[in-house]
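Student: next input, structure requested:
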Amino acid sequence: MISDVFCKIIKGELPAEVIYKDDDFLVIKDINPQAPVHLLIIPIKHYDSLEDFLEKKDTALLGKALMTAHKVSHQVGIAEKGYRIILNEGEHGGKLVPHFHIHLLGGKRLGPKLVK
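Tutor: The predicted structure is shown next:
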């Protein structure tokens with residue numbers, strides 16, 4: 001049984017501030033926000049990585065993840081001025097939790113880069 005922090009949040013074993021939930025995704029506030037709005041879009045079904053989506057041929061669900069980001073950006077009021085979507089993959093990409101997730105950031109001018 002996989003037991004990363006996001007799986008525990010999905011199972012209700014750890015608290016999180018839920019912004020949106022459907023049969024496929026949970027969207028929560030990041031506990032260490034890097035912008036006024038910093039949300040995590042997490043698939044309910046566990047995927048280790050982007051490659052895991054591709055190996056399992058669940059690319060339609062990957063597309064739904066991006067549509068969920070778009071939908072939630074409107075829900076939280078950042079769609080009009082813009083937002084950033086980030087996928088961190090692997091050690092060098094800065095991935096900290098071994099459960100695929102998308103960062104949705106907005107609420108201020110983010111500039112061309114996050115890291116200088």
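
Student: next structured bit after the worst-scoring helix or strand of the chain on mean pLDDT?
Tutor: Lowest on mean pLDDT, DSSP states H and E among the helices and strands of the chain sits helix 90-93, with a mean of 81. Proceeding N to C from helix 90-93, the next assigned helix or strand is strand 102-106, under DSSP states H and E.

Student: can you pull the contacts of Asp4?
Tutor: By CB atoms under 8 Å, 6 or more residues apart in numbering, Asp4 lies in contact with 46, 97-99. (Glycine included, C-beta is placed from N, CA and C.)

Student: for it, give me phi and psi.
Tutor: Backbone geometry at Asp4, expressed as degrees, to the nearest 10, gives phi -80, psi 170.

Student: how about the nearest residue to it, chain neighbours excluded?
Tutor: Excluding its sequence neighbours, the residue lying closest to Asp4 (CB to CB, 6 or more residues apart in numbering) is His99, at 4.7 Å.

Student: distance check, that neighbour against Gly111.
Tutor: In this view, His99 and Gly111 are 28 Å apart by CB to CB, to the nearest Å.

Student: who has more neighbours out of these two?
Tutor: Neighbours of His99 and Gly111, each counted by other CB atoms under 10 Å, are more numerous for His99; the result is 21 against 8.

Student: so which strand or helix has Ala69?
Tutor: Here Ala69 is assigned to helix 59-75, by DSSP H and E.

Student: in that helix, what counts as buried?
Tutor: 61, 64-65, 68-69, 71-73 (16 or more other CB atoms under 10 Å).

Student: got phi/psi on Val37?
Tutor: phi -120, psi 120.

Student: now do the one 4 residues further on
Tutor: Its backbone dihedrals place Ile41 at phi -100, psi 110, with angles given as degrees, to the nearest 10.

Student: is it in a bridge, and if so with what?
Tutor: Ile41 has these beta-bridge partners by DSSP bridges: Val27, Ile102.
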